[in-house]
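Undergrad: Quick check, what structure comes out for this input:
(one chain, ligands or ions: 1)
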Amino acid sequence: MFVMSKKNNVQLALAFDDKYITPFYVLLASLFINNKQNEVVIHTIVSGITDKDKNDITTYVQENNSEIIFYDIDLDYVSKLIVPEKDENPLTGAMYYRLFFPFLVPSEVQRLLYIDVDTLVVGDLAGLAALDLNGKTVGAVTDRDMPVRSDIGIHSVEHYFNSGVLLIDIAQWKANRISEKALKIISEEPDLIKGYPDQDALNMALRNDWYQLEPKYNVMRLYVPEAVPKRGFGSFLLDQKIIHYNGKKPWFSDCEHRLRHVYQQYARLSLRPEASHVTNVQLPKDKRAKLRRSRMIEFYFDHPELVTVWRRLKALVGR
Ligand SMILES: [Mn+2]
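TA: Coordinates of the predicted model:
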């Protein structure tokens, strides 16, 4: 007799404001396409969208056999927290929403997987949701893009994590008062914040208390092997779980993430196919040159036959 196996349960947390509703839809498309075998519950904090938007989202989630819960937080409180200006990657107060989930989710939720909405879920998340954290409060991936922060006791690149994917042990997070500590740093010691405020503060609050996840759970710009040609990405992607467009976003022409085209693919499969459009960005001269250089390197790796041509040319010239 065929017995239906019990579906694996994945408790996800997503937070965004109205500026990110389109990438949110693209993320949902990628999530549902790759997690049909799981029972997915989506815990959501959102601001600036209409009730109709919420209804549309709920309908879409239910059509995909999943559940979504919206939570309200004190937006006045959040609006008082600092939001540093970063011209290349504009920040909003929504980055702080992640700190509130542990107090909002139902008590039966023990494990919560928070992911940014500038991500795509390209694999099955069941394994991650059930991963052993070796007694640590969160699981996260090292962020190699950030400078070493010896001033806050983080002496190696390895020991600073990216806050875009956080596997959270709820009970331990609450017991160790991680949100309280992070919020205190943000509001009382703003001089310690050098990079992304939520991420810096969480790295301080969770120092030596996070479990290093494999890069496939948060595939940032620097984690994509440059030398893999684009046509070889199919097999590379099979092993990845979450792509994170940290830095420049894939809907802008100056995105440097090697997997930016994957966003366009999922956008076309989403309820917002127009999201596959890439907006052209006018860059200052120096940045234009830098981007052109990085595109040329990609072109070189995408066309391995060029290597042969290049060698032959050099041989002809005789040097
Ligand atoms: Mn992000």
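
Undergrad: Leaving out the residues flanking it, which one is nearest to the closest residue to the ion within the stretch 1-150 of the chain?
TA: Using CB to the ion, the closest approach of the stretch 1-150 of the chain to the ion is made by D116 at 3.6 Å. For the C-beta atoms, the positions are set from N, CA and C on the backbone; glycine is no exception. Sequence neighbours aside, G164 is the residue nearest to D116 in space, at 4.0 Å (criterion: CB to CB, 6 or more residues apart in numbering).

Undergrad: That neighbour reaches N246, doesn't it?
TA: Yes. G164 is in contact with N246 according to CB atoms under 8 Å; the separation is 6.3 Å.

Undergrad: overlap in contacts of these two?
TA: 118, 220 (CB atoms under 8 Å, 6 or more residues apart in numbering).

Undergrad: A helix includes the residue nearest to D116, no?
TA: No. G164: not assigned to a helix; according to DSSP: H, G, I helix; E, B strand; the rest coil it is strand.

Undergrad: for it, what are its contacts?
TA: So G164 contacts 115-116, 118-119, 218, 220, 244, 246 (CB under 8 Å, 6+ apart).

Undergrad: Wait, a strand at E298?
TA: No. The assignment for E298, made by three-state DSSP, is helix rather than a strand.

Undergrad: The strand or helix carrying E180 - contacts with which helices or strands?
TA: If you go by DSSP states H and E, E180 is part of helix 178-188. Contacts defined by 3 or more CB pairs under 8 Å, 6 or more residues apart in numbering; DSSP states H and E place helix 178-188 against helix 101-104, helix 197-205.

Undergrad: Which residues of the protein lie near the ion?
TA: 116, 118, 164 (CB under 5 Å from the ion).

Undergrad: Would you mind confirming that the second one makes contact with I243?
TA: No. If you go by CB under 8 Å, D118 and I243 don't touch, sitting 9.4 Å apart.

Undergrad: Which one's more surrounded, these two?
TA: Each of D118 and I243 has its neighbours counted (other CB atoms under 10 Å); I243 has more, 29 against 23.

Undergrad: Go through the contacts of G164 and name the one nearest Y20.
TA: Closest approach to Y20 among these (CB to CB): D118, at 7.5 Å.

Undergrad: tell me the contacts of the closest residue to that closest one other than its chain neighbours?
TA: In space, and not counting its chain neighbours, D118 is closest to Y245: 4.6 Å by CB to CB, 6+ apart. Y245 is in contact with 118-119, 221, 255, 257, 260, 263, counting by CB under 8 Å, 6+ apart.

Undergrad: swap in G93?
TA: Neighbours of G93 in contact, by CB under 8 Å, 6+ apart: 17, 75, 78-79, 81, 83.

Undergrad: Equivalent analysis for E85, please.
TA: By CB under 8 Å, 6+ apart, the neighbours of E85 are L91.

Undergrad: what do you get for M146?
TA: Counting by CB under 8 Å, 6+ apart, M146 makes contact with 157, 160, 195.

Undergrad: got the contact list for the last one?
TA: Neighbour list for G195: 146-147 [criterion: CB under 8 Å, 6+ apart].

Undergrad: and it, how far is that from the ion?
TA: To the ion, G195 is 12 Å away according to CB to the ion, to the nearest Å.

Undergrad: The second one now?
TA: Distance, Y160 to the ion, by CB to the ion: 15 Å.

Undergrad: got it, and the first one?
TA: To the ion, V157 is 18 Å away according to CB to the ion.
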